[in-house]
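[1] Everything below, folded, please.
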Amino acid sequence: MKLIDPDALRKLTTSSRLKEVQAQLKTIDQARAGLTEAKLKSTAKGAGFKTVEEEQPAYERYHHLTEPCTPSLTLPFSYKQLAEQFRCCDTIVSMMFNRKEVCTFDKLKPSVEVMSKKRFSKDVLGQIKTIYPESYLLTQEKLSRPGVTSKAYQLVITPEFSAKLNTDDAPGTMSAACLLQRRNHFHSLLLSRVKQHHSEYLATLDPPVGIPAEDIMRWHPRFPLDSIAAIQAAPLPESPLEMKCSSAQDILNRVKGKLNKRIECALESLVQKQGTVVAATPLSSVDRGARECLKGVSQDLLARIRERESFKLVQKMTLRPEHEKERTDLLNLREFIRITRSLFLAEQKAAIPRDELVCKVKESFSCVLAVDEVEALVQLASRVMPDWFKVLSIKRGVFVKIVKEKDANELVARITSKLQE
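    Okay, the predicted model is just below:
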């Protein structure tokens, strides 16, 4: 505590403004005490309440990341282009929809072409409607164009929201999650269409092959993926003022009485020819060379060979990616057995450090393998053939030991039989 000078204290006590200063200090103390009491009351009033913030669970927020997909089933090039154009089209439509702006085809076409670097026409929009009919609502509306006083009919594109897609967006908005769901749904529809063509192709084989669509993991090796039929464009709404002539009869009805008789007679004869045209079915050509090569071969033997080939193809087409990885590891394990046994015979050691074995196998393998892949082969060998290959962990490190008396051909035969199961 600081000491006050006696002269200063005497001057303060004899000052005429002492009472005024004391009154101001008292007022300040009272105001401070009132603020403290009000703060304590407000704290006590809200102490019994707790704010609970509801957060959306992670399995709902990231549901789109867990969508099932089959990476080995590729789409034809034309289908990939259509999927990319749908993505660009949906992005532009969502931007205009969120801005409450009318999206016409004249506005949509240049934007999509700039974004996709591809030509965007009404035929492409019709193909999108064929694959995904619930994607857009297409109407013809009379709207005014910039720089033109009169109104004209224009094709208006409005996005539609299907009940199959779980969207939590506010009404009148399209978020990025909604766009991603629509894009994945469009891709699944394209894949279903290709699976339908694939099933039709399998039915034409000898013998026919029947596989459920959900079990197919890869296409048939001889399936003409890039030669399947093009997607037919769905009809789009036409302007009431436009009349298109799709046949000679339409042209004749439109210009009848306006041309000379010779042209009208020519059109009438063309109409009659179009009515009598019959599509000729091409005759199936028979490969005579194949028949001559198979001459004298038993039909039962040919049937068994075809059945065995068909069974192998069905196994290959229904093999899941995780099983394919295991099968690839077993195939590599046969070469791993030969390299490991040769290394132990050359080193003349009872045990070899695991890191040294991994390095030597990686350098000696016929194909390029990463260190992690060779370590996975070490673990697989200890799990599949514990009577021949063992991994030992001691204080000095991790070592590998094998039974040298075992024949490598017998071990390879065991792996081959496991592959044929």
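[2] in stretch 356-368, what counts as buried?
    If you call a residue buried by 16 or more other Cβ atoms under 10 Å, then stretch 356-368 has these buried ones: 357-358, 360-362, 365. Placement of C-beta: from N, CA and C, glycine included.
[3] now it, how far from the centre of its chain.
    Centre-to-centre, stretch 356-368 and its host chain are 36 Å apart (Cα atoms, centre = their mean, to the nearest Å).
[4] between the buried residues of stretch 356-368, which is nearest residue 296?
    residue 365 (45.8 Å; Cβ to Cβ).
[5] Using JSON lines, lay out the buried residues of stretch 356-368 together with pLDDT, secondary structure and distance to residue 312.
    As requested, the buried residues of stretch 356-368 are exported to JSON lines (pLDDT from 0 to 100; DSSP: H, G, I helix; E, B strand; the rest coil; distance: Cβ to Cβ, whole Å):
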{"residue": "357", "pLDDT": "90", "secondary structure": "helix", "distance to residue 312": "35"}
{"residue": "358", "pLDDT": "91", "secondary structure": "helix", "distance to residue 312": "34"}
{"residue": "360", "pLDDT": "90", "secondary structure": "helix", "distance to residue 312": "35"}
{"residue": "361", "pLDDT": "90", "secondary structure": "helix", "distance to residue 312": "30"}
{"residue": "362", "pLDDT": "90", "secondary structure": "helix", "distance to residue 312": "32"}
{"residue": "365", "pLDDT": "89", "secondary structure": "coil", "distance to residue 312": "27"}
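[6] Adding distance to residue 320, write these out as a markdown table.
    Output for these, formatted as a markdown table (distance: Cβ to Cβ, whole Å):
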| residue | distance to residue 320 |
| --- | --- |
| 357 | 31 |
| 358 | 28 |
| 360 | 33 |
| 361 | 28 |
| 362 | 28 |
| 365 | 26 |
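[7] what ranges do the strands span in the stretch 151-300 of the chain?
    Using DSSP state E, counting those that start in this stretch, the strands of the stretch 151-300 of the chain run over residues 151-159.
[8] Low-confidence regions, it specifically.
    162-171, 241-261, 267, 274-291 (pLDDT under 70).
[9] which among the buried residues of stretch 356-368 gets closest to residue 269?
    residue 365 (75.7 Å).
[10] wait, the closest one sits on residue 335?
    Yes: contact criterion Cβ atoms under 8 Å: residue 365 and residue 335 qualify, at 6.6 Å.
[11] Distance check, residue 356 against residue 395.
    For residue 356, the distance to residue 395 equals 18 Å [Cβ to Cβ, to the nearest Å].
[12] again with residue 358
    20 Å.
[13] Could you do residue 103 as well?
    72 Å.
[14] So what are the structural domains in the protein, by residue number?
    As recorded under automatic domain parsing, the domains making up the chain are 64-215, 243-274, 321-419.
[15] how about CSV for these, with distance to residue 28 added?
    Compiled in CSV, the domains of the chain are given as follows (distance: least, Cβ to Cβ, whole Å):
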stretch, distance to residue 28
domain 64-215, 52
domain 243-274, 90
domain 321-419, 74
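[16] Out of those, which is closest to residue 299?
    domain 64-215 (12.1 Å).
[17] Show me the strands in the stretch 1-150 of the chain, by range?
    Using DSSP E, counting those that start in this stretch, strands in the stretch 1-150 of the chain cover 136-144.
[18] which stretches of it have low pLDDT?
    In the stretch 1-150 of the chain (pLDDT under 70), the answer is 1-5, 8-9, 12-16, 38-56, 59-72, 146-150.
[19] Helices of that one, residue ranges please.
    6-13, 18-45, 58-61, 77-98, 105-116, 122-131 (DSSP state H, counting those that start in this stretch).
[20] what's the closest of those helices to residue 144?
    That would be helix 105-116 among these, by Cβ to Cβ, at 12.2 Å.
[21] residues of that closest one that come out buried?
    105, 107-109, 111-112, 115-116.
[22] number of nearby residues for the nearest residue to residue 112 once chain neighbours are set aside?
    Closest residue to residue 112 apart from its sequence neighbours, by Cβ to Cβ, 6 or more residues apart in numbering: residue 120 at 4.3 Å. Residue 120 has 21 neighbours, counted by other Cβ atoms under 10 Å.
[23] Report the contact partners of residue 120.
    Applying Cβ atoms under 8 Å, 6 or more residues apart in numbering to residue 120 gives the contacts 85, 88-89, 108-109, 112-113.
[24] Apply 10 Å and report the result again.
    For residue 120, the contact set (Cβ atoms under 10 Å, 6 or more residues apart in numbering) comprises 85, 88-89, 92, 105, 108-114.
[25] what do you get for residue 342?
    360, 364, 408.
[26] How about the contacts made by the closest residue to the second one other than its chain neighbours?
    Spelled out, that is residue 364. Leaving aside its sequence neighbours, residue 364 sits nearest to residue 339 (Cβ to Cβ, 6+ apart; 4.9 Å). Listed by Cβ under 10 Å, 6+ apart, the contact partners of residue 339 are 357, 360-366, 377, 408.
[27] and the residue nearest to residue 197 when sequence neighbours are not counted, how many neighbours?
    Nearest residue to residue 197 in three dimensions, chain neighbours excluded: residue 228, at 4.7 Å (Cβ to Cβ, 6+ apart). For residue 228, the neighbour count with other Cβ under 10 Å is 18.
[28] Verify the stated contact: residue 228 with residue 195.
    No: checked against Cβ atoms under 10 Å, the pair residue 228 and residue 195 is beyond contact range at 11.1 Å.
[29] what about residue 194, neighbour count?
    19.
[30] which residues sit in contact with the closest residue to it other than its chain neighbours?
    Counting by Cβ to Cβ, 6+ apart, residue 194 lies nearest to residue 75, which is 6.3 Å off, once chain neighbours are set aside. Residue 75 sits next to 81-83, 187, 190-191, 193-194, 225-226 when contact means Cβ under 10 Å, 6+ apart.
[31] in the stretch 251-400 of the chain, which spans are helices?
    Counting by DSSP H, counting those that start in this stretch, the helices of the stretch 251-400 of the chain are 261-276, 288-293, 299-317, 321-347, 354-364, 371-384.
[32] Using JSON lines, lay out those together with distance to residue 145.
    Shown next, in JSON lines, are the helices of the stretch 251-400 of the chain (distance: least, Cβ to Cβ, whole Å):
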{"stretch": "helix 261-276", "distance to residue 145": "36"}
{"stretch": "helix 288-293", "distance to residue 145": "64"}
{"stretch": "helix 299-317", "distance to residue 145": "53"}
{"stretch": "helix 321-347", "distance to residue 145": "53"}
{"stretch": "helix 354-364", "distance to residue 145": "68"}
{"stretch": "helix 371-384", "distance to residue 145": "62"}
